[in-house]
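Trainee: mind folding the following:
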Amino acid sequence: MFVQNPSIDEAVRIINSGRKRGVVVVVGICEVVYSGRAAATLKPGRRLVIVKRDGTLLVHEAEKAQPKIWNPPGSSTAAYVEGGRLVIKSVRSRPFESVRVYFSSLDFVAAFDVETSELELVGSEKDVVEALVKAPWLIEEGLEVVGVEVPTDVGHIDILARDREGRHVVVEVKRDVATHDAVFQLARYVELYRKRGERARGILVASDITAAALEYLRRYGLEFVKVNPRELMASINKKVG
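Mentor: Below is the predicted model:
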């Protein structure tokens, strides 16, 4: 089912019924407000919003593969009318996160029955870690790896290294999009070293990062390096092989 230039009431009906079936797609001019452990907003602009049966909400713009703002599976999502505008609200309970999308105009609303299937991944997170250990210059020039899967009281550090200034560099690796959970974990690792009186930095390595996670990263004074798994393997084969 799809409708071009739908009324607000039509959009609400399609979204609330369609999200239980498979995937809902909405295109229009909207502003987005994220709140949780941080805050983020997107000013009014034409965007693509996707709502999935498992509660996932994605807000896409014209560039990049990853959403600008999103809420993960398990979130509760609903559409309603507020102040004459269509609102799509997504809430995650633990940890609490809320995404509200306010549409001032609608171009397109559609609901589709889409199937689910198991995906066989080529290149796991472990493969990415192993590849980065072989080519640490892809994280930062001059980086020297001193440990892999280093145990601590709060978990295992993916990669422990030293930079050119002799500082510890804690590297947290995510194969896909890094969320705030990865940032919090990295911050805990870095804090362990700093409490010992040692100089330490933290670098989060992933294919992309959510807006909320990037905001937390800046607050904690941590760093982000974008690495595409396929490009990573190609680079290693070229430089090492």
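
Trainee: when you work out contacts or count neighbours from here on, use the C-alpha atoms and nothing else.
Mentor: Fine.

Trainee: which residue lies nearest the spatial centre of the chain?
Mentor: Geometric centre of the chain, nearest residue: residue 210, 3.5 Å, by C-alpha atoms, centre = their mean.

Trainee: relative to residue 69, how far out is residue 33?
Mentor: To residue 69, residue 33 is 9 Å away according to C-alpha to C-alpha, to the nearest Å.

Trainee: so between those two, which is more surrounded?
Mentor: When residue 33 and residue 69 are compared for neighbours, residue 69 comes out ahead with 23 against 16, by other C-alpha atoms under 10 Å.

Trainee: state the pLDDT value of the more buried one.
Mentor: Predicted confidence (pLDDT) for residue 69: 92.

Trainee: quick check: closest non-adjacent residue to it.
Mentor: residue 59 (5.4 Å; C-alpha to C-alpha, 6 or more residues apart in numbering).

Trainee: and the closest residue to residue 45 other than its chain neighbours, backbone torsions?
Mentor: What sits nearest to residue 45 in space, not counting adjacent residues and going by C-alpha to C-alpha, 6+ apart, is residue 29, at 5.0 Å. Dihedral pair for residue 29: phi -90, psi 120, per degrees, to the nearest 10.

Trainee: from what I can see residue 29 touches residue 104, true?
Mentor: Yes: with contacts counted by C-alpha atoms under 8 Å, residue 29 reaches residue 104, the gap being 5.8 Å.

Trainee: which strands and helices sit next to the longest helix anywhere in the chain?
Mentor: Taking DSSP state H as the criterion, the chain has its longest helix at helix 180-195. On a contact count with 3 or more C-alpha pairs under 8 Å, 6 or more residues apart in numbering; DSSP states H and E, helix 180-195 meets strand 168-173, strand 200-206, helix 211-220.
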